[in-house]
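K.L.:
any chance you can model this:
(chains A and B)
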Amino acid sequence: MSSVSQELKDTSVASSKWLDAHYDPVANLYTFSSCIALSDLHGDGENKLVVGDLGTGVCNMKLKVYRGIGLLSESTLLDLPTGLVSFLMDLHEPRTPAIAVASGPFIYVYKNLRPYFKFTLPSLEVNPLEQDVWSQAKEDMIDPMTLKEMLEGLRDKAEIPLSVRSLRFLMLEPQEMENFVLLNKEQPIRRQTVITCIGTLKKNMADEDAVSCLVIGTENGDVYILDPEAFTILYKMSLPSTPTLMDVTGQFDVEFRITVACRNGNIYILRRDSLKPKYCIELSSHPVGLVRMGKNVVVGCTHETLHGYTQKGKKLWTTYLPAPVTTMALMDLPTRGFQAVLVGLANCEVHMYRDKNLIGTIKTPDVVTSICFGRYGREDGTLIMTTKGGGLIVKILKRTAVFDDRDSAPGPPIAQSIRLNVPKKTKLYVDQTLRERENAVAMHRAFQMDLSRLRLAAARAYVKALESSLTPMSASLTEPLKMNAVVQGLGPSFKLTLNIQNTAASRPVMNLAISFLYDENLYSMRTAFFKIPLLVPGLNYPIDTFVECLSDKGISDIIKVFVLREGKSAPLLTAHINMPQQLGFSTEPPKTESFSITGVQRSLRWP
Amino acid sequence: MADDAMKTDVQLPVATDLKKPRPKKAPEFPILERRNWLIHLHYIRKDYETCKAIIKEQLHETQGMCEYAVYVQALIMRLEGKIQQSLELFQSCAILNPKSSDNLKQVARSLFLLGKHKAAIEVYNEAARLNQKDWEISHNLGVCYIYTKDFKSADEQLNLALQLNKHDLTYSMLGKIHLLQGDTEKAIDVYKSAVEFSPENTELLTTLGLLYMQLGKYQKAFEHLGNALTYDPNNFKAILAAGSMMQTHGDYDVAMNKYRVAAYSVPESPPLWNNIGMCFFGKKKYVAAISCLKRANYLSPFDWKILYNLGLVHLTMQQYASAFHFLSAAINLRPRMSQLYMLLAVALTNLDDADNARRSHEQAVQLDESNPLVNLNFAVFLYNQGDKKAALLQFQEMERKVNTQVENNSSTEFDPEMVEMAQKLAGALQAGENFYWSKPGKDGKTSQRSSSSKPSSSQQPLGTNQALGQAMSSAAGYSKSMQMSTEPEADVSRAPSPPTVPPGDPEEEEEEEETAKLTEKKSKPKAVAE
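P.N.:
Numbering: from 1, shown residues only, chains lettered A, B, ... in the order given. Take a look at the predicted model:
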């Protein structure tokens, strides 16, 4: 039954470069590329997957460790993990790497999956004036209202922003201030910031298993390099904006280079021996992913573009992507000397780029939110992805897979070979063409003749309408009026409503009258002539009257309505109302059409 | 154990706080910015729903004091089109942090989007005081000045932006200013440096190509359009422009290949179908040409170029009654174009309406300034009518136009068929002694061409071909510039057939910037044939 589709599937699997190792759509992972690492946690030569899971985004944050396709362990995190790295912190045997989880202002270091150390970011400098004000408050030298005024003055001018406590104080109602000051005045003022990204930097050797320092970026735009053993700050640099993505290369003791993408849409390149950024790349949109490939930096931007830059910030190339970027990662296969950039896109695809050339595409069942490529278990080329819906995908690169270095983008677009949609010539068309050729002159003359007649007829009708004011809009300049008529009812009694509107800008219209002209054998009207009140411009005046149909033969006629001006015989407006046929019957109920009795109950009530 | 001690220390600091809230101790304030990174991360991934949920929570926690959360919320609102609300939020951001030029920039941006350009300029200037060296401020100031029509300041600011940092967007804005001022040369200079800076931007390449095309520098135009197509083979504008240039050179098949790509991506473009139709016309597939042109006309019924082409094709097909309709429609839309009247006159001649044909010819001659063809056609018409004297006058007028053209540009090439016709007419009118084309020395080039390229096409009288199939294969001679010949009635035996050569080039190039020229002058619709 499904042999054909099976076969198709086989060929597609065979032609694919990846083996589907594992897909768990309900792994319940909410994480980002910065919170995933592959690490040989136990020193047994088998890499585990360590994931910092954001849980629901509010609670239930977990540090999860996967081995193979199963969850190995799970431990609770106190706050949202911002970043997670695995690094070797000392030279002790066995060489088991530690895991550093950045979250809020802290870094939690785990060894053997057990909490080992907690690093806290140094507090920020507090505005000395603010400190002064609070110490005065502490000694009860100033009352809360004065405190508030002074703090407000500080907030508007100060170079250093106020602490959270002062800001919170400024938002309080006057009656709450007293308590707040009492409660807080004993505490020292602190200003803290949070970590926004984390990376590692080899200390003094380039080996794979060399000791690494932690590099962290903070919300207030500082970059710290921490000593791996003592967790003291070795180096501090500052940026003009908040870092969001970071790439670190080199060795701390020799020379290093930190590429940081910032929230203001710029990329800064920091180097040893300079406290300020050495180079700056201004992007035209926000960077979503930052990957270093060899000596170049590849940046994916929100405007669906992928840019290549040199280490010194010179633009090399730009590629346009089919969908917004969600995440990026480096695909590095040192054994084959192969490197590529993996770009997760919002259209459920992962593209592989080598420089600006697309060398492969992976379709995924959901939008990928994080990508990690490396050694997992004992398999070198493993691609791990998590999806927006919380799924976990593990794919293994086939050992036979070969990536063509050339651009795999197609040469001429496929559309070039699609036939144009041009209709075939039909026999009818040929016949008509022949006819026109033979009789062109006659056709032309007949046409011109008819055209002239048509114009004449139209002109006559127009003149006639103008003469008898048949148009629904009055053409006169002094009385610009608009009228429409509605007939309601099933008969033989009808309600006739005339809506009259004065369309002048400001002038009211007075001294108007309405008169009806109808066949007196067919219809009777209670009032066939009445005056119209003064018409205020812009308002709609509904005027009702009743018409009774006298005939029982089911015939209908036209009732003409004239809007007249007193003292003038020519009407301003004329309307012809096509009266509907009455549906009921008046005096004699029909004997055969019994259905109409139920249908037209209303007319039976009429005497 | 040390590890265990650490464990409790690490895992439970907040938890203990929560469990035993000591009433005397002041509560820890959560850090305002603690989730900024998460907000940012969701924002740049365009996951706005999640982002809004996080912002809401964050604002709840900090009682609206988290500046970044408000900022991103305003950004998202602006993306959702709630510009006024976003403006208010940005203003409250600016109150929370009056030192930040970012907030002011966004306030100005929202003002700009609301169309309050003057207010935006003020706020941008304020932001510029906080941050001197920001290309974005200068760029946006420049754009605001464009909208307030202060091109000088706009030029200044955009150049300043370029000095600070080069961006493609700034270049294209600067180019736009020069185009708005009508200074194509300067615009080309700007686009040239833009293309140097980012050689793969197809938008810039295409614009530059089109500008060169406007100036008639076809070689350069083709170069840039070709480059644009290399980087993006689906670029509609570049395809259309390059295709029309190929068409002028007679590469109909190549042009068709390109158009197929364009037709796939933009199937409802009137200029595209017009060009495809004219490709078919060039390949002498008249029925296909008519159906393509009719589609173009259906998509854009008021485009006189399409109507002109339709008239032309119908004249070729000897469907004079239809041709008349298309041409008179075109004239109603574009009442000041001599070629249209000339074609109409040809159609009327064939419809046996000599009076109106004469009037139409007169109108054409009156409107025309430099096209000898108009006079030649009129002369042939007059000759056929037997009015030799008037014909001679028109013939002399034609000679005058030819001579001025030759004087201005000696390398002007005239259409061989037209030259041939003129020579015949000169013989018939005995007016050829001092005629330019009658001198064999100068004429060598053109006559050679005419003999080699078209040995017999226009010699045979076509009026006798009544069968459609025959007519289709032989109808008229086409050179690269697409001419067509109409034939006199069979009874005017001695008369040479008057060729009517419409300007081949202009009606093929149907670019976006061309349509801008199509300002309708409906003042006096000339009803010629009534």
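
K.L.:
now the residue of the stretch 201-350 of chain B found nearest chain A: how far from residue B:272?
P.N.:
When scored by C-beta to the nearest C-beta, the stretch 201-350 of chain B has residue B:264 as its residue closest to chain A, at 3.4 Å. No exception for glycine: its C-beta is placed from N, CA and C like everyone else's. Separation of residue B:264 from residue B:272 (C-beta to C-beta, to the nearest Å): 11 Å.

K.L.:
those two - which one has more neighbours?
P.N.:
residue B:272 (24 against 16; other C-beta atoms under 10 Å in any protein chain shown).

K.L.:
what confidence value was assigned to the more buried one?
P.N.:
Looking at residue B:272, its pLDDT stands at 90.

K.L.:
correct me if wrong: it contacts residue B:240.
P.N.:
Yes - contact criterion C-beta atoms under 8 Å: residue B:272 and residue B:240 qualify, at 6.1 Å.

K.L.:
stretch A:119-138 spans what distance, first to last residue?
P.N.:
Stretch A:119-138 stretches 31 Å from its first residue to its last (C-alpha to C-alpha, to the nearest Å).

K.L.:
cool, stretch B:295-310 as well?
P.N.:
Using C-alpha to C-alpha, the end-to-end distance of stretch B:295-310 comes to 11 Å.

K.L.:
what do you get for stretch A:122-141?
P.N.:
Span of stretch A:122-141 from end to end, C-alpha to C-alpha: 31 Å.

K.L.:
now swap in stretch A:363-374 and tell me
P.N.:
19 Å.

K.L.:
residues contacting it, please?
P.N.:
For stretch A:363-374, the external contacting residues (C-beta atoms under 8 Å, 6 or more residues apart in numbering or on different chains) are A:23, A:25, A:31-33, A:35-38, A:47, A:49, A:326-332, A:342, A:344-350, A:380-389, A:391, A:393, B:45.

K.L.:
same deal with stretch A:530-539?
P.N.:
Residues outside stretch A:530-539 that contact it (C-beta under 8 Å, 6+ apart) are A:481, A:500-510, A:512-514, A:541, A:543, A:545, A:563.

K.L.:
tell me how many other residues crowd the residue nearest to residue B:180 when sequence neighbours are not counted.
P.N.:
Excluding the flanking residues, the one nearest residue B:180 by C-beta to C-beta, 6 or more residues apart in numbering or on different chains is residue B:151, at 6.8 Å. Here the number of neighbours of residue B:151 (other C-beta under 10 Å) works out to 16.

K.L.:
again, but for the one 3 residues further on
P.N.:
Each residue near residue B:154 was counted by other C-beta under 10 Å, and the total is 23.

K.L.:
can you check residue A:398 too?
P.N.:
Look at residue A:398: counted by other C-beta under 10 Å, it has 14 neighbours.

K.L.:
any weak-confidence spans in chain A?
P.N.:
Along chain A, segments meeting pLDDT under 70 span A:1-15, A:158, A:404-415, A:469-477, A:582-607.

K.L.:
show me where it has its helices.
P.N.:
Listed in chain order, the helices of chain A (DSSP state H) span A:3-15, A:128-138, A:144-157, A:164-170, A:174-184, A:427-467, A:595-599, A:601-604.

K.L.:
can you redo these as JSON lines with mean neighbour count and distance to residue A:283?
P.N.:
Converted to JSON lines, the helices of chain A look like this (neighbours: other C-beta atoms under 10 Å in any protein chain shown; distance: least, C-beta to C-beta, whole Å):
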{"stretch": "helix A:3-15", "mean neighbour count": "9", "distance to residue A:283": "37"}
{"stretch": "helix A:128-138", "mean neighbour count": "17", "distance to residue A:283": "36"}
{"stretch": "helix A:144-157", "mean neighbour count": "16", "distance to residue A:283": "32"}
{"stretch": "helix A:164-170", "mean neighbour count": "20", "distance to residue A:283": "32"}
{"stretch": "helix A:174-184", "mean neighbour count": "14", "distance to residue A:283": "43"}
{"stretch": "helix A:427-467", "mean neighbour count": "13", "distance to residue A:283": "57"}
{"stretch": "helix A:595-599", "mean neighbour count": "12", "distance to residue A:283": "75"}
{"stretch": "helix A:601-604", "mean neighbour count": "14", "distance to residue A:283": "75"}
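
K.L.:
fine by me, thanks again.
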